[in-house]
Each structure stands twice: as structure tokens, then as C-alpha cells.
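Trainee: Any chance you can model this:
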Amino acid sequence: MPSIIKSAAGAAKRKRVDSQRKPAKRAKSESSDEEDDTQAQILMLESEILESKKHYNNIPKLIKLLESEDAIIASVALCRVFSRLIASGELTKKAGSSEKDEVVVAWLKERYLEYKTGLYELLESPEVSQTILALCMRMLKTEGTYVKNGQDYNFPSRFLTDLVRTLLGLEDGEDVRKEFAEKYVEEYDDIRFYTFEAIAKVLEDEGQLVDNAVGILATIESVPEDKDELEDFYIAAPTRTSHTLYSLSAHKRQAQAAWLAVLKQDLSKEQRKNILGMMSSYIAPWFIKPELLMDFLTDSYDTGGSTSLQALSGVYYLIQERNLDYPLFYRKLYSLLDSGILYSKHRSKFFRLLDTFMSSTHLPAVLVASFIKRLSRLTLYAPPAGIVAVVPWIYNFLKKHPTCTFMIHREVRGAEELLEEGMEDPFLEDEEDPMETNAIESSLWEIVTLQSHYHPNVATLAKIVSEQFTKQSYSLEDFLDHSYGSVSLVVSNCVEVRT
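Mentor: This is a model prediction of the structure:
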């Protein structure tokens, strides 16, 4: 604790306004003497309180100093005072105590609440917030250790909730929230458990704090996999092995409630996208009932654009990792294949995810054919940079699903004949269900048409579906993130690899 006083004194000293009077050395000396006198006075008040009850009236004097330049020194002194009083039972009503003693206990409790309120207010100052957080956590530990309220274990959850509410409400509190999350929430199972509970309660009352709540929740990376991992406690562990702190499902329920409180808020587009980006890593692993995430993911899908894609990514994780049944997944994915996707700035991300979503070799051929055909149709109106992403993707999926290769072996009339007479394509372009489009009965005449594309490099690339499929697959990454100007380079590399 002396080191805290020393650093706190330095912080208080830096806050003083430099005197303009000369000589400077004398002004500095006078300031130092004054500070030493104040510190000595505070230490004297503290010492007297601990010596005798008759000096308890020094407590309000120290609390008053929480509003002064000497707030840090006073807050450290009060931390020692209340820690000693709580440990000795002075703030606990004892059986058989006199009315006078009960009045003193009630009075001390009121002063203790004033002290904690003063600490919360000091948290608003970024210069001292981390020191104040350390004092708050020390008092929390003291309460949890000595205030049992007739029980064998009593975590001061109300204290922690008030602290979390204060931290979430700080406008300039990113650093101290990070300190709290990394040093306490991530490290201690009991702090994490009751922080989840606190965040759920605070967001229920004050939803506008969602960004700061997510900032704390996103710091929690380690999800316990077994109840034997629940062994790191900030406050002495409960003696009863049946206590909820030893229950893995109870921990997950608390986390689930906290995240649901976040997801129920009126989120902005950016907040929604940020949360969707954390779905598979930080959110879903905590959920006992992953189906509770479906309303949020469905609403996010309906937002459109890249948000829809992120929402489907979350759904796919739940399907693959949590065995969630969602039969509409590929129907919704298919609906994202519209005329704008190949022009979108998210085109590369879309194809990476599409490649992942369609990776299973057990997908029905009729479904795969619908995706191949739909993308083929989109290339007719796409920029060259979009086309060079589609053609290799189609090649790879024809290779992976040989049944679909019938789509390129059907006899198709030449482009001139098509222009003159037209062609009846069985593909139902407006059908929303990829299982009902008749794409498997169609052909990839669109890719054949690309072989006469105005961009010679696109025309060259399109010819890979008309030649022998000797190459196992193309690396999709080689064809993504290209502009109009770099199409020639990527296609020439493709031709070199193919030959």
C-alpha cells in the first residue's frame, strides 16, 4: 500500500497549478511542504480512527477529502480504515448488541456507502481510474471475505453490479474497462460469473451502454470446457461443492443471459456487424441453447448487404459446430446471389464464405447445380474482375460434383443461332428454392458465351470449362481481390498453371 500512496501523491502533485511567483525553488518547496502536511494530516486521521471508536468522526473528514486534490491519498487511507473495520466485524450487527452499538453500525454502513460512491465518482478521472479500480476490487474482496450475512459464502454481487454500472457509464473509460476485464473478469471465475449477471441487469435498465458492455464481454476469450476448470476465485471459494460457482452450466447460463441482453438492444448497423463478427468465437460457445441466437441472426439477415452474409456465417457455425437444424440455410444463401453481388466491395469475402458453405460433397446435385447456374447467369452482366472469380469457382464445383458436369456436355446452339431463334432454358430464374430451379436440366451456355467476351483474358479463362478437366482444382484465392487492371495478370497465371 505505501507504493500506492507514493504514486497517488505524485498524481495529486501533478494536478496542482504551477505557481507564477518567484523564486521557483521556493514555490516548489512550499508546495512540497504543504503536500507533506496534508499527507501527514490524513495519516493522523486514519491512525486515530483505528485507535479508538471515539475518533470515528474522522471518517466523514476523510470522505470530504475525496472531493479535493488529495482524493487519492484519502481514498487509500479510507480503504485501509474500512478494510480493518469490516474484518473486525464493526460493520456487522452482533447478537445481543446494545441499541447504541446498533446505531454506530448503521452509521458506519452509511459512511461506507458514501466512500464507495466517492470511489465510483473518482473512476471518471482517467488519470487515477486504474488506482481507484484496484481500491474498489480490494474492498470487494474484503466484503466477500468477511461479510457472510449468516452464510458460508456470500459474494458481494450488489457491489460488483454498481461497479460494473459505473464502468459501463464512463465516457472516457476504455482503458479502465480493459483493465477490469483483463485483470479480473478474464482471470477469476467468480468475478466473471457475477460480471455476466451484472451486465445483464445493467443492460436491462440502461441499454444505451451496449458498446461498453460488448467491450468487456469480448475480452473474455476462455470458455471453460469442464467444471474442473472452475478453480480460480478472487474471493475464497465456496466450501459447498454444490454451489453454483462450481457448475459449468450455471456459468454458461449467466453468459448466455448477458449476451442475450446485448442482442435484445436496438442495435445500429455497425453494432450488429461487430457482434456478428464475434458470433463464432465469443458468443455462441457460451450458449447452452444455441437456438436462442436464431432470432438475432434472422433479423440480421433481413438487414441485407454484407450483414446478411455475416448472419449466414453465424448460422453455418451453429449448424456445423452445434448441430442446429436450419433447413432454410441454403435457400437464404441462394437469395444473396443477385445482380449486385459481383459488383460489391464484399465480393471476395462472399466467395470465400460461399466456398466454405458449399464445401460438403454430400450436398444434393440439384442444389449445387442451382448455384452454378445462377452464378453463370450473373456473369453475363458482371465486370471482368467478378467473372474471373466465378469461372474457377464453377470449375472446382463441377469437379467436386461430377453429376453436374452434364450441364456442360449438352449440345448448345451457337451464339448467332441463339440471337436469331432464341432458346428455351428450363432453368427457373425467379424460383427462390434452389431445389426447384431445374438447373440440373439446363446447360452452362452463359460460360460458352463468355468465350467471346470483349475482354480477351476473360474469354481465355472461360474456355477452361470446355476443355479436359485435368486439373484437380484451382486455388480460389488466386482469383479474388482483383481489379479490372489486374485481370490480365491473374488469367495469364491461370493459363500458365493449366498448361
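Trainee: from the middle of its chain, how far away would whichever strand or helix holds Q271 be?
Mentor: Using DSSP states H and E, Q271 sits within helix 269-277. Centroid separation for helix 269-277 versus its chain: 9 Å, with C-alpha atoms, centre = their mean, to the nearest Å.
Trainee: And the next helix or strand past it?
Mentor: Counting by DSSP H and E, what follows helix 269-277 is helix 294-301.
Trainee: Now that next one: buried residues?
Mentor: F296, L297, S300, Y301 (16 or more other C-beta atoms under 10 Å). Heads up, the C-betas are built off the backbone N, CA and C, glycines and all.
Trainee: which residues sit against the helix holding Q271?
Mentor: With contact meaning C-beta atoms under 8 Å, 6 or more residues apart in numbering, helix 269-277 is reached by 210-211, 214, 262-263, 265, 267, 283, 297, 300, 303, 306-307, 310-311, 313-314.
Trainee: Please narrow those residues to those residing in helices.
Mentor: Among the contacts of helix 269-277, the residues falling in helices (DSSP state H) are 210-211, 214, 262-263, 297, 300, 306-307, 310-311, 313-314.
Trainee: Would you write a ChimeraX line that selects the buried entries of these?
Mentor: Only the buried entries of the ones in helices among the contacts of helix 269-277 go into this ChimeraX selection, using 16+ other C-beta under 10 Å:
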select :210,214,262,263,297,300,306,307,310,311,313,314
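Trainee: Export the ones in helices among the contacts of helix 269-277 to a markdown table and append columns for distance to E231 and pLDDT.
Mentor: Shown next, in a markdown table, are the ones in helices among the contacts of helix 269-277 (distance: C-beta to C-beta, whole Å; pLDDT from 0 to 100):
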| residue | distance to E231 | pLDDT |
| --- | --- | --- |
| V210 | 32 | 93 |
| D211 | 32 | 93 |
| V214 | 27 | 95 |
| V262 | 28 | 96 |
| L263 | 30 | 95 |
| L297 | 34 | 95 |
| S300 | 37 | 93 |
| S306 | 42 | 85 |
| T307 | 40 | 90 |
| Q310 | 36 | 92 |
| A311 | 37 | 94 |
| S313 | 34 | 93 |
| G314 | 32 | 94 |
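Trainee: of all the ones in helices among the contacts of helix 269-277, which comes closest to E432?
Mentor: Looking at the ones in helices among the contacts of helix 269-277 and their distance to E432, the nearest is A311, at 17.6 Å (C-beta to C-beta).
Trainee: tell me the contacts of that closest one?
Mentor: L276, L297, T298, S300, Y301, T303.
Trainee: returning to that earlier point: need the buried residues of helix 294-301 in CSV with distance to Y120, can you?
Mentor: Output for the buried residues of helix 294-301, formatted as CSV (distance: C-beta to C-beta, whole Å):
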residue, distance to Y120
F296, 32
L297, 37
S300, 35
Y301, 41
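Trainee: among these, which two are most distant?
Mentor: F296 and Y301 (9.8 Å).
Trainee: any residues touching stretch 99-117, and which ones?
Mentor: 53, 56, 59-60, 63, 66, 75, 78, 82, 85-86, 90-94, 97, 136, 139, 159, 162.
Trainee: So among the residues you listed, which ones count as buried?
Mentor: Judged by 16+ other C-beta under 10 Å, buried ones among the contacts of stretch 99-117: 56, 59, 63, 66, 75, 78, 82, 85-86, 90-92, 136, 139, 159, 162.
Trainee: So which of the residues you listed sit within strands?
Mentor: For these, not one is inside strands, with DSSP state E as the criterion.
Trainee: From those residues, which land in helices?
Mentor: Short answer: these in helices (DSSP H) are I59, I63, S75, L78, F82, L85, I86, C136, M139, F159, D162.
Trainee: Point to the residue nearest the middle of the chain.
Mentor: Among the residues of the chain, the one closest to the centroid is A218, at 3.6 Å (C-alpha atoms, centre = their mean).
Trainee: Would you check that that one makes contact with M279?
Mentor: No. Shown here, A218 and M279 do not form a contact pair, counting by C-beta atoms under 8 Å, at 11.4 Å.
Trainee: mind showing which ranges of the protein have poor pLDDT?
Mentor: 1-35, 410-423, 481-499 (pLDDT under 70).
Trainee: now stretch 197-217: how far from the chain's centre is it?
Mentor: 12 Å.
Trainee: same question, stretch 183-193
Mentor: Its chain's C-alpha centre and that of stretch 183-193 lie 17 Å apart, by C-alpha atoms, centre = their mean.
Trainee: Buried residues, that stretch. List them.
Mentor: Y184, V185, E186, Y188, D189, D190, I191, R192, F193.
Trainee: Find the nearest non-adjacent residue to the fourth one, please.
Mentor: Going back to what we said before, that points to Y188. Spatially, and ignoring its direct neighbours in sequence, Y188 is nearest to Y234 (4.0 Å; C-beta to C-beta, 6 or more residues apart in numbering).
Trainee: so who does that neighbour touch?
Mentor: Taking C-beta under 8 Å, 6+ apart as the test, what Y234 contacts is M137, L140, K141, G144, Y184, E187, Y188, D190, I191.
Trainee: ok, which pair from those residues is furthest apart?
Mentor: G144 and E187 (15.6 Å).
Trainee: L367 and K373, how far apart?
Mentor: Distance, L367 to K373, using C-beta to C-beta, to the nearest Å: 11 Å.
Trainee: Settle it for me: which of the two has more neighbours?
Mentor: Taking other C-beta atoms under 10 Å, L367 and K373 do not tie; K373 has more neighbours (28 against 22).
Trainee: Surely the more buried one is in contact with T437?
Mentor: Yes. Using C-beta under 8 Å, K373 is in contact with T437, at 7.0 Å.
Trainee: what's the overlap in contacts for those two?
Mentor: F427.
Trainee: between the buried residues of helix 294-301, which is closest to Y153?
Mentor: F296 (35.0 Å).
Trainee: residues in contact with F287?
Mentor: K252, A255, Q256, W259, L293, R322.
Trainee: Just give me the neighbour total for the nearest residue to L167 once chain neighbours are set aside.
Mentor: The shortest distance from L167 to any non-neighbouring residue, by C-beta to C-beta, 6+ apart, is to R177 (5.3 Å). Look at R177: counted by other C-beta under 10 Å, it has 21 neighbours.
Trainee: How much space separates R177 from M137?
Mentor: Taking C-beta to C-beta, one finds R177 at 14 Å from M137.
Trainee: right, and L318 touches L324 too?
Mentor: Yes. Under the criterion of C-beta under 8 Å, L318 makes contact with L324 at 4.0 Å.
Trainee: what is in contact with those two at once?
Mentor: With C-beta under 8 Å, 6+ apart, L318 and L324 have common neighbours P290, M294.
Trainee: So for the two, which sits in the more crowded spot?
Mentor: Taking neighbours as other C-beta under 10 Å, L318 and L324 compare with L318 leading, 22 against 17.
Trainee: Quickly note the distance from the more buried one to P364.
Mentor: On the measure of C-beta to C-beta, L318 and P364 end up 21 Å apart.
Trainee: G340 too?
Mentor: 27 Å.
Trainee: More neighbours: which of those two?
Mentor: P364 (14 against 11).
Trainee: since we're on M137, how many residues are nearby?
Mentor: 20.
Trainee: Contact partners for it?
Mentor: Counted by C-beta under 8 Å, 6+ apart, M137 has contacts Y184, Y234.
Trainee: roughly how far apart are it and Q130?
Mentor: Noted for M137: a distance of 11 Å to Q130, by C-beta to C-beta.
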